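Asks: would you be able to build a 3D model of this:
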Amino acid sequence: MLLGQVKGHVVSSAKVPSLNGKKLLVVEIVSVREHGLVTTGRDMVCVDAVQAGKGELVIVVQGSSARIAPEFAKVPTDAVIVGIVDSLQALGKDLQLQV
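Replies: Sure thing, here's the model as predicted:
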């Protein structure tokens, strides 16, 4: 699993039928550091399973985990947003995204 921040959305008028009705979001991977959460500059396109919005911190699964997420067994994806993070505690403290 990865942590990421939703940066925006992708609009695609031509795609395989199993992606119809699925929201695609651009997510920047986030890294946990002692001083907080920091963005990495590495972006990926993810299928949204939880109605995430721009700026939210999310949990992303990849590979076989993405393909077995509910309603995604026949969707050709390698990354699915499966959770929205409300709070995060690591390294003995509550961490916030450094903007």
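
Asks: distance of Thr39 relative to Val10?
Replies: 19 Å (C-beta to C-beta, to the nearest Å). The way it works is simple: take the backbone N, C-alpha and C, and place the C-beta from them, glycine included.

Asks: out of these two, which sits in the busier spot?
Replies: A count of neighbours by other C-beta atoms under 10 Å puts Thr39 above the other of Thr39 and Val10, at 16 against 12.

Asks: wait, the more buried one touches Gln5, no?
Replies: Yes: with contact defined as C-beta atoms under 8 Å, Thr39 reaches Gln5; the gap is 6.3 Å.

Asks: what's the overlap in contacts for the two?
Replies: By C-beta atoms under 8 Å, 6 or more residues apart in numbering, Thr39 and Gln5 have these common neighbours: Glu28, Val30, Leu97.

Asks: among these, which one has the most neighbours?
Replies: For those, counting by other C-beta under 10 Å, the largest number of neighbours falls to Val30: 24 neighbours.

Asks: beta partners of that residue?
Replies: Beta bridges link Val30 to Leu3, Thr39 when assigned by DSSP bridges.
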